[in-house]
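Asks: Need the 3D shape of this:
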Amino acid sequence: MKKHALRSWIVSLAVVTLLSFVSLGSAYAGEAEKKLALELTHLVMPKDVYNALLDQLMTNMGASMQQAGAKVSARDASKLKAVVAEVLPYDELVQWNVEIYAGKFTADELKELIKFYGTPVGKKAAKLLPEISGEVGKKVGTVIVQRMPAAMKKAGIQ
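Replies: Residues are numbered from 1 along each chain as shown. Model (predicted):
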């Protein structure tokens with residue numbers, strides 16, 4: 001794999017990760033909110049949803065790497081998934097979610113979310129979220145590539 005393509009892939013992964021997960025939670029979240037946020041996170045992102053998220057990231061990153069000119073073998077793709085899992089471990093993602101949810105929602109709001117995600121529709125929504133996010137990300141990537149040159153020219157950016 002070319003170093004430039006790998007570097008582009010890593011930058012893309014960082015951007016996707018930041019857009020997907022980074023948000024500043026309140027430092028003032030109480031223990032009740034954190035406990036409820038943990039319960040919610042396990043409903044929204046059980047381990048199988050995390051694995052689906054990794055699969056979706058790998059699909060998107062594989063497409064990005066190919067566009068950048070990198071050739072990734074099936075063996076390297078498998079290794080890359082293991083690397084991403086190491087870099088973004090499930091337990092750490094759970095903790096980030098807890099911090100963010102606890103900082104953005106009250107205990108009562110978290111209880112309502114837990115109630116929803118405990119329903120069949122809520123479970124379906126949680127399970128499909130990585131796929132939905134991946135499809136949206138794919139469309140965003142396509143549209144940006146198509147529209148950026150004209151928009152940059154219009155703005156006077158060379």
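
Asks: Assign a three-state SS to the residue in the chain sticking out farthest from the centre, would you?
Replies: Taking C-alpha atoms, centre = their mean, the residue of the chain most remote from its mean C-alpha position is residue 156, at 32.6 Å. Using DSSP: H, G, I helix; E, B strand; the rest coil, the structure places residue 156 in coil.

Asks: What's the separation between it and residue 67?
Replies: To residue 67, residue 156 is 26 Å away according to C-beta to C-beta, to the nearest Å. Every residue, glycine included, has its C-beta placed from N, CA and C.

Asks: again with residue 73
Replies: According to C-beta to C-beta, residue 73 stands 17 Å off from residue 67.

Asks: Which of those two has more residues huddled nearby?
Replies: residue 67 (13 against 9; other C-beta atoms under 10 Å).

Asks: And the pLDDT at that one?
Replies: On pLDDT, residue 67 comes in at 77.

Asks: Likewise for residue 43?
Replies: On pLDDT, residue 43 comes in at 92.

Asks: Quick check: which element contains it?
Replies: Residue 43 is part of helix 31-44 when elements are defined by DSSP states H and E.
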